[in-house]
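*Asks:* only geometry, no sequence info:
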């Protein structure tokens, strides 16, 4: 299975899947922003694309969504996190190819890995561009409280990002897990990668 980690089958079905997953990402982020939820919900499509199509497809879905969302909504805070979205797509795709989306317990392991990836990538972006905050009220309240208590900028920013990602990414992976369970084999089999497919 390891030799297939990055193999990608850009069939007609895959080309259709990518914009659908980007649309799921966009809708999730838009709803979360409008309702001011303490999560982003912007990578459900990325994770679905990564599980079905592999890490390359997941990375594409994530990166494009951030750029499209910024262009169409004017939310300039979103675009730098296309790097995080790429990381999430790659992580979920790799974990799925290793069999870590086949049971609820293994999906939770995938979620934990994704949280670490997202926090490690996003925290420096938060510090450099936004003074350490995430833009989510709940997390930023924790950031402010920690800073007022004398906690350093980087650690406070890390905690801000971690608490939001812990909720967001676990919820996202659980939703993805149940979406995959609900899809019939006739659909998922279309995206299965065979050894004869050449690697990118």
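*Replies:* Received it, and whenever you're ready, just let me know what you need. Everything numeric here is computed off the predicted structure, so don't read it as measured data.
*Asks:* give the buried residues for stretch 181-197.
*Replies:* For stretch 181-197, burial by neighbour count (16 or more other Cβ atoms under 10 Å) applies to 191, 193. For every residue, glycine as well, the C-beta is placed using N, CA and C.
*Asks:* what's that stretch in contact with?
*Replies:* Under the criterion Cβ atoms under 8 Å, 6 or more residues apart in numbering, residues 3-4, 7-9, 11, 13-14, 17, 52-54, 180 lie in contact with stretch 181-197.
*Asks:* please redo it, this time with the cut-off set to 10 Å
*Replies:* Contacting residues not belonging to stretch 181-197 are listed as 1, 3-14, 17, 48-49, 51-54, 57, 97, 101-104, 107, 180, 199 [Cβ atoms under 10 Å, 6 or more residues apart in numbering].
*Asks:* report the mean confidence score over that stretch.
*Replies:* The average of the pLDDT scores along stretch 181-197 is 79.
*Asks:* give me the subset of the contacts of stretch 181-197 that lies in helices.
*Replies:* In helices, defined here by DSSP state H, the members of these are 12-14, 17, 48-49, 51-53, 57, 97, 104, 107, 180.
*Asks:* which of the residues you listed has the most neighbours?
*Replies:* The most crowded member of the ones in helices among the contacts of stretch 181-197, judged by other Cβ atoms under 10 Å, is residue 49 (33 neighbours).
*Asks:* hmm, it is touching residue 90, no?
*Replies:* No - applying Cβ atoms under 10 Å, one finds residue 49 not in contact with residue 90, separated by 11.5 Å.
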